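J.: Can you look at this prediction? I've put the sequence above it.
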Amino acid sequence: MRDVRLIPASEGDTSSSPRLANDKMTDNKFRSVALQAAFLVFFFCLGTSSWAAPRTTNLWWMPDVASKHGVQVDQLFYFIYYLTGGVFVLTQVVYIYFLVKYRARKGVGAKYSHGNNQLEIVWTAVPTAIFIGLWAYSNHLWWNVIHSTPPDDAMEVGVVAYQFGWSMQYPGKDGRLGRSDVKLISNDNPFGNDKSDPATKDNFQSGVLELPVNKAVRIRLNSKDVIHGFYIPNFRIYQDAVPGRTIDWVWFVPTKIGSYDLACSQLCGQGHYNMKAQIQVVSQADFDKWYKEKATAALLQKPTDKAYAQNR
Ligand SMILES: [Cu+2]
């Protein structure tokens with residue numbers, strides 16, 4: 001703080017010395033504020049909850065994409081990510097530049113500016129056009145890709161969510177799940193199968209979502225109790241399972257052989273954290289073998305709902 005001291009007129013040049021001392025004070029002040037801001041940003045980054053997952057699981061980015069539509073979802077994600085990231089960096093650089101350039105300095109007065117209509121029109125029109133473009137892009141992805149009609153040969157799989165687990169139902173030898181109704185859902189009939197429909201007779205149950213690679217799968221989704229979330233991070237799929245409602249528009253094509261997680265993404269109760277099921281994507285030959293074994297075993301051992309009832 002010695003610099004702040006006003007130098008008496010007798011000790012030197014009376015016109016320049018006091019101003020020099022004051023300029024130095026402003027610079028010091030500026031430096032200390034910048035340092036404080038840097039520390040604040042640093043501690044905020046460390047403390048924010050979005051860093052909790054990387055800190056505990058080494059999961060720094062999205063898990064590998066393993067479905068056909070997932071690739072397109074990622075393209076939209078990266079497009080928005082780099083666009084907004086670029087705009088963020090650009091605006092911050094300009095902001096900091098002007099902050100430094102027009103900082104308070106002794107002898108430099110503030111100037112009144114009335115604004116610029118042309119500039120205002122430009123910076124309103126450009127973001128508006130970008131947002132309309134993003135709407136069109138994501139709307140196309142939502143309706144023409146994710147919610148498009150599944151191919152006719154898509155395999156239908158029934159999925160029921162309950163506190164706290166998942167159960168899968170396959171169509172059996174006839175390839176059809178048959179009719180179902182949410183009103184029929186009970187402990188003995190978790191999928192609400194309408195037993196008067198003969199197509200439901202050979203349906204069989206599985207605790208694992210076994211899928212053939214590169215084949216379309218259509219999900220018939222139900223919830224037995226509360227709202228759950230049918231969430232497959234690797235497939236970039238998320239759909240709420242709602243009690244009292246059958247949701248049949250979710251379909252996807254797994255593209256990579258491997259083991260994945262089906263997780264619940266709605267805070268559905270005490271056991272929510274552990275509400276997971278395994279997804280096993282295998283070759284068509286392996287799938288056919290598994291399917292045949294399961295279908296045959298199911299025909300020999302009825303009722304198929306026993307395993308589910310034991311889970312409760
Ligand atoms: Cu749940």
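T.: Perfect, I can see it now. Numbers count the residues shown, from 1 in each chain.
J.: got the contact list for F79?
T.: By CB atoms under 8 Å, 6 or more residues apart in numbering, the contact list for F79 reads Y137. (C-beta placed from N, C-alpha, C; glycine too.)
J.: same question, the one 4 residues further on
T.: Listed by CB under 8 Å, 6+ apart, the contact partners of L83 are I130.
J.: Tell me the buried residues in the helix or strand in which it is found?
T.: Assigned by DSSP states H and E, L83 belongs to helix 68-101. Buried residues in helix 68-101, counted by 16 or more other CB atoms under 10 Å: 69-70, 72-73, 76.
J.: Same question for stretch 290-299.
T.: Those buried within stretch 290-299 under the rule 16+ other CB under 10 Å are 290-291, 294-295, 298.
J.: Quick one, grab the pLDDT at I146.
T.: The per-residue pLDDT reported for I146 equals 86.
J.: Can you tell me how far the nearest residue to it once chain neighbours are set aside is from the ion?
T.: Closest residue in space to I146, ignoring its immediate chain neighbours: H69 at 5.7 Å, by CB to CB, 6 or more residues apart in numbering. The gap separating H69 from the ion is 23 Å, by CB to the ion, to the nearest Å.
J.: thinking again about what came up before, from the buried residues of helix 68-101, which is closest to Y260?
T.: Closest approach between the buried residues of helix 68-101 and Y260, by CB to CB: G70, at 11.1 Å.
J.: before we move on, back to that, let's see which of the buried residues of stretch 290-299 end up in helices.
T.: Among the buried residues of stretch 290-299, the subset assigned to helices under DSSP state H consists of 290-291, 294-295, 298.
J.: Between the residues you listed, which sits nearest the ion?
T.: The ion lies nearest to K294 out of these, by CB to the ion, at 25.1 Å.
J.: Give me the distance between the spatially closest residue to that closest one that is not a sequence neighbour and G175.
T.: Distance criterion CB to CB, 6+ apart; nearest residue to K294, sequence neighbours excluded, is F204 at 5.3 Å. Between F204 and G175 the computed distance is 12 Å (CB to CB, to the nearest Å).
J.: Torsion angles phi and psi at the residue nearest to K294?
T.: Main-chain dihedrals, F204, degrees, to the nearest 10: phi -130, psi 160.
J.: now do D225
T.: phi -130, psi -70.
J.: With M168 instead?
T.: Backbone geometry at M168, expressed as degrees, to the nearest 10, gives phi -110, psi 150.
J.: check contacts around it.
T.: M168 is in contact with 157-159, 205-210, 277, counting by CB under 8 Å, 6+ apart.
J.: Starting from the ion, give me the distance back to it.
T.: Relative to the ion, and taking CB to the ion, M168 is found at 15 Å.
J.: So what sits opposite that residue in the bridge?
T.: Beta-bridge partners recorded for M168 (DSSP bridges): V159, S206.
J.: gap between it and S138?
T.: According to CB to CB, M168 stands 30 Å off from S138.
J.: swap in F98?
T.: The value you get for F98 to S138, if CB to CB is used, is 33 Å.
J.: now H69
T.: 13 Å.
J.: And A37, by the same measure?
T.: 35 Å.
J.: Who has more neighbours out of these two?
T.: Using other CB atoms under 10 Å, the more surrounded residue of A37 and S138 is S138, with 14 against 10.
J.: The closest residue to the ion within the stretch 101-250 of the chain - how many residues pack around it?
T.: When scored by CB to the ion, the stretch 101-250 of the chain has H228 as its residue closest to the ion, at 3.5 Å. Applying other CB under 10 Å, we find 32 residues neighbouring H228.
J.: pLDDT value on the nearest residue to it once chain neighbours are set aside, please?
T.: Sequence neighbours aside, A161 is the residue nearest to H228 in space, at 3.7 Å (criterion: CB to CB, 6+ apart). If you check A161, the pLDDT there is 93.
J.: quick revisit: figure out how far the helix holding L83 is from the centre of its chain.
T.: How far helix 68-101 lies from its chain's middle: 18 Å, per CA atoms, centre = their mean, to the nearest Å.
J.: what is the rounded mean pLDDT of it?
T.: Per-residue scores along helix 68-101 average to 94.
J.: Tell me the first helix or strand C-terminal of it.
T.: Downstream of helix 68-101, the next assigned helix or strand under DSSP H and E is helix 117-140.
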